[in-house]
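1. Here you go, sequence then predicted model.
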Amino acid sequence: MPKVTFTDCNDRSVEVEIAEGMTLMEGARNAGIDAIVADCGGACACATCHVYIEDDWNEKIGPRSEIEADMLEFAAAETNERSRLSCQITVTAALDGLKVRTPSTQG
């Protein structure tokens, strides 16, 4: 099972195993990652599952969809080129070792 490391705004890290086919958001919620609020449950309708992808991983994850880019405009925390919605990233074996950071606020 791929392992993903979530690091919060206080530099506390938690490594989580997420089954292939699940989204980062689902894996984070199942593991009790408090910084992933995910109010809409993964419908790409709230931006409360915003994460920052570490630079080395952007190419493996692929680009944002147009709807994801639009929804990121409503994120509570500052966004940048590494900003993604964790509900829009499906975990695959290629993402084993992925590192993401969570913003200081999601709401």
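-> Cool, the structure landed.
2. how about the helices in this protein?
-> Taking DSSP state H as the criterion, the chain contains helices spanning 24-30, 58-61, 66-72.
3. Deepest-packed of those, please.
-> Highest mean neighbour count of those: helix 24-30, a mean of 22 (counted as mean count of other C-beta atoms under 10 Å). C-beta here means a position set from N, CA and C on the backbone, and glycine is covered the same way.
4. mind checking how far it is from the chain centre?
-> 8 Å (C-alpha atoms, centre = their mean, to the nearest Å).
5. Next, format the helices of the chain as a markdown table and append mean pLDDT and distance to residue 49.
-> Formatted as a markdown table, the helices of the chain follow (pLDDT from 0 to 100; distance: least, C-beta to C-beta, whole Å):
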| stretch | mean pLDDT | distance to residue 49 |
| --- | --- | --- |
| helix 24-30 | 97 | 4 |
| helix 58-61 | 91 | 14 |
| helix 66-72 | 96 | 10 |
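6. can the ones you listed go into CSV with extra columns for distance to residue 41?
-> CSV is the format used below for those (distance: least, C-beta to C-beta, whole Å):
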stretch, distance to residue 41
helix 24-30, 9
helix 58-61, 21
helix 66-72, 14
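7. So for residue 101, which of those sits nearest?
-> Smallest distance to residue 101 across the helices of the chain (C-beta to C-beta): 12.1 Å, for helix 24-30.
8. Put the alpha carbons of stretch 69-83 into PDB.
-> The C-alpha trace of stretch 69-83 is given here as PDB (Å, rounded to 0.1, in the frame of the first residue of the first chain):
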ATOM      1  CA  ALA A  69      -8.300  25.300 -10.200                       C
ATOM      2  CA  ASP A  70     -11.600  27.200  -9.900                       C
ATOM      3  CA  MET A  71     -12.400  25.700  -6.500                       C
ATOM      4  CA  LEU A  72      -8.900  26.600  -5.200                       C
ATOM      5  CA  GLU A  73      -9.800  30.200  -5.600                       C
ATOM      6  CA  PHE A  74     -12.100  29.700  -2.500                       C
ATOM      7  CA  ALA A  75      -9.400  28.100  -0.300                       C
ATOM      8  CA  ALA A  76      -9.100  29.800   3.100                       C
ATOM      9  CA  ALA A  77      -5.300  29.600   3.100                       C
ATOM     10  CA  GLU A  78      -3.000  31.100   0.500                       C
ATOM     11  CA  THR A  79      -2.600  29.100  -2.600                       C
ATOM     12  CA  ASN A  80       0.300  28.700  -5.000                       C
ATOM     13  CA  GLU A  81       1.500  26.500  -7.800                       C
ATOM     14  CA  ARG A  82       1.800  23.500  -5.500                       C
ATOM     15  CA  SER A  83      -1.800  23.800  -4.200                       C
END
